[in-house]
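>>> When you get a sec, could you give me coordinates for this:
(2 chains)
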Amino acid sequence: MEVRVESLAATRAHREVLTEVSFTVAPGEIVGLLGPNGAGKSTLLASIAGMLAPARGAVLLDGEPAHRIPRRDIARRVALMEQQPDRDIPLRAADIVELGLLPFRGRFDRGGSAHDASLAREALAAAGAAHVADRPWTELSGGERQRVSLARALVQRPRLLLLDEPTNHLDVRAQLDTLAFVAGLGITAVAALHDLDHAARLCSRIVLLDRGRVAALGTPAEVLAPDVIAAVYGVRATVLTHPEDGRPVIALDGAVDQAPPPEEGP
Amino acid sequence: MSAGRDRRARVLTAALAAALLASVAIAVTIGVAGLGPLEAWRILASHLTGDTTADTGDAIVWSIRAPRVLTAALVGAGLAAAGVVMQGLTRNPLADPYLLGLSSGASLGAVGVLLLGIGSTLALSIALPIAAFLGALLALGAALGIARLAGSLSPTIVVLAGIAVSQLLAACTSLVIVVTAKGDAYRQVLSWLLGSLAGSTWTTVAIAAAALALVYPLLRLHAAPLDALTLGDAAAEALGISTRRTRLTLFVAVSLLTGAMVSTSGAIGFVGLIIPHLVRGLVGGLHRHVLPAAALGGAVFLLWADTLARTMLDPREIPVGIVTALVGVPVFVVVLRHARGTAWR
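You can find the predicted model right below:
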């Protein structure tokens, strides 16, 4: 699916959270959304998901304004893996995955058919979580919850996958597994991320947001430059090049308003 | 296994349905007047076949016990279903029509209509549930409005706001009764605030049955959206649910259900809180399993609570809300203790 964000402005609680945001996502591409907390990443994802009407500008999904598409129709094409809620969900993993079939179900279909169950199991297996199918959500680890949420998104058979901080609260192995899994899907994706290295690893291009505006847009190597990181995050960074695949590797050295540690003489 | 759990839910629902039928059959034989079970059943059968005799036994069983037992069952079913839906909509395990003030609001609405002194039984039996519905809706709006003013719709804030609204409206109900009542005001206050099924007639059966027949299928149709809402609003929207419209529809439906039930029996607590938790502990949290089992469980529970209320301190009656609390709270504590990880906490 092609995503075009054109001069988008969005407001939440009467406050303009996004201003003049423009970029496109080509079919099959994975684009990363970076930026400090409050930069507007989640709002941008909600706008792309059609949940938030633009104040100005437009979000076009294959040319159609996202917020005009009926909820059920958009849910058959676009899946959102939201940030994990910290409250208890009184359902089992397989139940949660089956909810991904909701947009495809008729009004009077009560759900719970053997067919639905087998689709859910396939998706769980694809996400590497077949073994937790019958366990309650409350008993799952952070990594398992993430896999279950991914399976729920997969069962929607989306043509666009929106991910809100998919590696949050995960241990490093689970983070890498999640990124590799998303990269291997071949689905157009937009992912809000905190970790700059993750963005460099996963995304072909990055949209760096700063207080609701696009501060930088381009390939990881173009966007993740020390001066850009300093300006947006207020952090001094050293950017190295990975010897194997050439992607940028970011070492964060300290806040810009702090003096660097004194160098010790030999 | 999923199939095993589906079967477990079906078995529980069938067992509860059977228990309900048996409970109705047994409860109509229990009462202060010393009528044997066979005599009571003969009287019921005579009404079903149209071959009745007008004596005291007939009046007790057909005009007093049968409508009372049926009203109790219907009200229990309605309150438990309302509790399930309130908890799902607010993602708040504590939300129930009583705790959030809907029942107090409904009581106030009903008492307000009684003040008008409507003479016709038919007009009153229509006006009473409608006023109670409006009262419940008002209370719910006030609770959510206060919570929003306090800046959050978090479970804690919603419950705090609900308790405040509930107390205020209960106080208003008491005040209205005490100021205006001619007879035993004390007793009336108790029966509106703690609930009583002593006023049950075939009219209250009809009101409760109509409300349940109208609202329950709508709730049942929303089982999957309710499941989706437990994941959070953004997730539910992403699954194609219009969260705003779903909430509005179901809040109105639950207010209607609660209003109708309260208009027949006053504000009865704990049914909407305990029964859903109990059922979730047994069949898990899917609404297509929880709703029918909770409705049947609520019916059985309130039916027996009321049977206790009318016989325990014979010849006096105690408000049924006292029994639901006395029986319900210890059960609730046990459930909370054993349901770790399966129920919603």
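>>> Only C-alpha atoms from now on, for both contacts and neighbour counts.
Will do.
>>> Do a quick rundown of the helices in the stretch 1-150 of chain B.
Assigned by DSSP state H, counting those that start in this stretch, the stretch 1-150 of chain B shows helices spanning B:2-27, B:37-49, B:56-58, B:66-90, B:102-115, B:121-149.
>>> who in the stretch 101-250 of chain A is up against chain B?
Counting by Cα under 8 Å from any Cα of the partner chain, the positions of the stretch 101-250 of chain A adjacent to chain B are A:102, A:103, A:107, A:108, A:110, A:111, A:117, A:134, A:136, A:138, A:139.
>>> Looking at the helices of the stretch 1-150 of chain B, which is nearest to chain A?
helix B:2-27 (7.1 Å; Cα to the nearest Cα).
>>> quick revisit: output the helices of the stretch 1-150 of chain B in JSON lines; the columns should cover mean pLDDT, mean neighbour count and distance to chain A.
Below are these laid out as JSON lines (pLDDT from 0 to 100; neighbours: other Cα atoms under 10 Å in any protein chain shown; distance: least, Cα to the nearest Cα, whole Å):
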{"stretch": "helix B:2-27", "mean pLDDT": "89", "mean neighbour count": "16", "distance to chain A": "7"}
{"stretch": "helix B:37-49", "mean pLDDT": "83", "mean neighbour count": "15", "distance to chain A": "35"}
{"stretch": "helix B:56-58", "mean pLDDT": "78", "mean neighbour count": "15", "distance to chain A": "44"}
{"stretch": "helix B:66-90", "mean pLDDT": "95", "mean neighbour count": "29", "distance to chain A": "10"}
{"stretch": "helix B:102-115", "mean pLDDT": "90", "mean neighbour count": "28", "distance to chain A": "24"}
{"stretch": "helix B:121-149", "mean pLDDT": "90", "mean neighbour count": "21", "distance to chain A": "13"}
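>>> quick one, what contacts the residue of chain B found nearest chain A?
Going by Cα to the nearest Cα, chain A is nearest to residue B:240 of chain B, at 4.1 Å. By Cα atoms under 8 Å, 6 or more residues apart in numbering or on different chains, the contact set of residue B:240 is A:71, A:72, A:73, A:74, A:75, A:76, A:102, A:103.
>>> can you rerun that using 10 Å?
Neighbour list for residue B:240: A:70-76, A:78-79, A:100-104, B:225, B:228 [criterion: Cα atoms under 10 Å, 6 or more residues apart in numbering or on different chains].
>>> Which of the helices of the stretch 1-150 of chain B sits closest to residue A:209?
Across these, residue A:209 has its closest neighbour in helix B:121-149 (30.2 Å, Cα to Cα).
>>> Report the angle between that closest one and helix B:102-115.
140 degrees (axes from the mean of the first three to the mean of the last three Cα atoms, to 10 degrees).
>>> same question for the helix or strand just after helix B:121-149, mean pLDDT?
Using DSSP states H and E, the next helix or strand after helix B:121-149 towards the C-terminus is helix B:155-180. On average, the pLDDT along helix B:155-180 is 88.
>>> Can you identify the element that follows helix B:155-180 toward the C-terminus?
helix B:185-193.
>>> and the next element down the chain from that following helix?
Where DSSP H and E defines the elements, the next helix or strand beyond helix B:185-193 is helix B:202-221.
>>> How far off centre is that following helix?
11 Å (Cα atoms, centre = their mean, to the nearest Å).
>>> between it and helix B:66-90, how many degrees?
30 degrees.
>>> Check which helices and strands the next helix-or-strand element following helix B:202-221 sits against.
Counting by DSSP H and E, the element after helix B:202-221 in chain order, helix or strand, is helix B:223-229. In terms of contacts (3 or more Cα pairs under 10 Å, 6 or more residues apart in numbering or on different chains; DSSP states H and E), helix B:223-229 is packed against helix A:93-98, helix B:66-90, helix B:202-221, helix B:233-238, helix B:243-265, helix B:287-311.
>>> how about JSON lines for these, with distance to residue A:219 added?
Output for the helices and strands packed on helix B:223-229, formatted as JSON lines (distance: least, Cα to Cα, whole Å):
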{"stretch": "helix A:93-98", "distance to residue A:219": "34"}
{"stretch": "helix B:66-90", "distance to residue A:219": "43"}
{"stretch": "helix B:202-221", "distance to residue A:219": "48"}
{"stretch": "helix B:233-238", "distance to residue A:219": "29"}
{"stretch": "helix B:243-265", "distance to residue A:219": "37"}
{"stretch": "helix B:287-311", "distance to residue A:219": "46"}
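>>> Residue A:7 is nearest to which of the ones you listed?
Closest approach to residue A:7 among the helices and strands packed on helix B:223-229 (Cα to Cα): helix B:233-238, 23.7 Å.
>>> what does the average pLDDT come to for that closest one?
pLDDT averaged over helix B:233-238 gives 90.
>>> on that earlier part again, which strand or helix spans the nearest residue to the residue of chain B closest to chain A once chain neighbours are set aside?
Counting by Cα to Cα, 6 or more residues apart in numbering or on different chains, residue B:240 lies nearest to residue A:72, which is 4.1 Å off, once chain neighbours are set aside. Assigned by DSSP H and E, residue A:72 falls within helix A:71-75.
>>> just checking, residue A:116 touches residue A:152?
No: applying Cα atoms under 10 Å as the test, residue A:116 and residue A:152 come out as separate, 12.0 Å apart.
>>> returning to what we had before: can you show me the CA trace of the helix holding residue A:72 as CSV?
What follows is helix A:71-75, C-alpha atoms only, in CSV (Å, rounded to 0.1, in the frame of the first residue of the first chain):
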residue,chain,number,x,y,z
ARG,A,71,-13.6,1.9,10.1
ARG,A,72,-14.4,-1.6,9.1
ASP,A,73,-13.0,-1.1,5.6
ILE,A,74,-9.8,0.4,6.8
ALA,A,75,-9.4,-2.4,9.4
